[in-house]
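Peer 1: 3D, please:
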Amino acid sequence: MEFSGQYLTYEEYRGLGGTLDLMPFNLLELEVRNLVDLRTQNRLINQEIPFKVKICEYHLIEKINSYKEEIDNINNMGSVASENIDGYSISYTSSSHIKEIISSRDTELNDILLTDLYGVIVDNEHIIYNGVKW
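Peer 2: The predicted structure follows:
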């Protein structure tokens, strides 16, 4: 399977300290690229990708991967959040906890996008500009 049009290549990702294997990286890069394209209104398609965009993708990939691992851990444990043997008490993970994680994820991803892409200009236009030109 070939992944083309990547804003951040696997070699660049590894050079920045990334630890994912190739296929998980490719899948996350595609997900992240879609987020970047959505936020930038596709201003980066067929453009030379600025270094700040590559750094943004790296941060987003790492953050999404950490959330995926957190949710996988919750799912692998089942619904048990904690257990106390002495008083035999079990706490269960609720679906609201997973919803909180997803909400936190969305907020954090948006913050990364806005912070990392602020001031990036392509074709004399800020790539996250969504206003009206006068």
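
Peer 1: which strands or helices does the host helix or strand of residue 107 pack on?
Peer 2: Using DSSP states H and E, residue 107 sits within helix 95-117. The contact analysis (3 or more CB pairs under 8 Å, 6 or more residues apart in numbering; DSSP states H and E) places helix 95-117 against helix 22-40, helix 51-76. Where C-beta positions appear, they are placed from N, C-alpha and C, glycine not excepted.

Peer 1: any buried residues in the last one, and which?
Peer 2: With burial defined by 16 or more other CB atoms under 10 Å, the residues of helix 51-76 counted as buried are 53-65, 67, 74.

Peer 1: equivalent analysis for stretch 122-134, please.
Peer 2: For stretch 122-134, a neighbour-count test (16+ other CB under 10 Å) marks 127-128 as buried.

Peer 1: and for stretch 13-21?
Peer 2: The neighbour-count criterion (16+ other CB under 10 Å) identifies 13, 18, 20 as the buried residues of stretch 13-21.

Peer 1: okay, now the unreliable bits of the protein?
Peer 2: Residues of the chain meeting the criterion pLDDT under 70: 77-84, 86-87, 89-96, 132-134.

Peer 1: change it to 80
Peer 2: Where the chain drops to pLDDT under 80, the residues are 1, 71-99, 131-134.

Peer 1: give me the most central residue, it.
Peer 2: For the chain, the residue nearest the mean C-alpha position is residue 60 (3.2 Å; CA atoms, centre = their mean).
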